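**Q** quick one: sequence and predicted model below, then my questions.
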Amino acid sequence: MSSKTDQTFLQKQRIGHLATVDARGRPVVVPFCFAYDGKAFYSSIDEKPKTVTPERLRRTRNIRANPEVALVIDHYEEDWSKLQFVLIRSRARILHSGKEHARAVALLRKKYPQYRRMRIEDRPMLKIVPWKMFRWKAEK
């Protein structure tokens, strides 16, 4: 996915869905906020209430067991001639600190004002690097 239109679509969307698979092959899909820099997607394991620590979240356990993930980033409207989505096959890893972690924090805070009030610099970040993208768009 290299066209400027495709890059703009991915950067403009506010939410996506992240699919991971556990060691037994059981899938889990969760919504996620993300920033996309044209090469990788970044998402914070943020401060929103969770029942377990970030390390024990199913998505982080799944990524440690199997880093192959899929993303769906879509646009929905009642006018179905405007529907579109991108399916992204990717490889994920968890960042805990460093320059790339700090860059991810800056990208997420620029996109989402809510993150400006959270201490995401102290939280794990997911880095998701695409290896295959498929885009579908309704024909007008």
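**A** That came through fine. Because the structure is predicted, anything quoted here is derived from the model rather than measured.

**Q** check contacts around the most centrally placed residue in the chain.
**A** Nearest residue to the geometric centre of the chain (C-alpha atoms, centre = their mean): Phe34, 4.6 Å. Phe34 makes contact with 15-16, 41-43, 71, 73, 108, 128 under the criterion C-beta atoms under 8 Å, 6 or more residues apart in numbering. C-betas here are computed from N, CA, C, even on glycine.

**Q** try 6 Å this time
**A** 16, 41, 43 (C-beta atoms under 6 Å, 6 or more residues apart in numbering).

**Q** go on, Arg59?
**A** 20, 30.

**Q** how about a cut-off of 10 Å?
**A** By C-beta atoms under 10 Å, 6 or more residues apart in numbering, the contact set of Arg59 is 18-20, 22, 28-30, 32, 43, 45, 69, 92, 94, 126.

**Q** which residues of this protein score low on pLDDT?
**A** 1-2, 46-56, 140 (pLDDT under 70).

**Q** what ranges does it have for its helices?
**A** Using DSSP state H, the helices of the chain run over 4-12, 58-65, 99-111.

**Q** how about a markdown table for the ones you listed, with distance to Lys137 added?
**A** As requested, the helices of the chain are exported to a markdown table (distance: least, C-beta to C-beta, whole Å):
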| stretch | distance to Lys137 |
| --- | --- |
| helix 4-12 | 9 |
| helix 58-65 | 28 |
| helix 99-111 | 23 |
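
**Q** for Lys82, which of those helices is the nearest?
**A** helix 4-12 (12.0 Å; C-beta to C-beta).

**Q** so that closest one versus helix 99-111, what angle?
**A** Angle between the axes of helix 4-12 and helix 99-111 is 80 degrees (criterion: axes from the mean of the first three to the mean of the last three C-alpha atoms, to 10 degrees).
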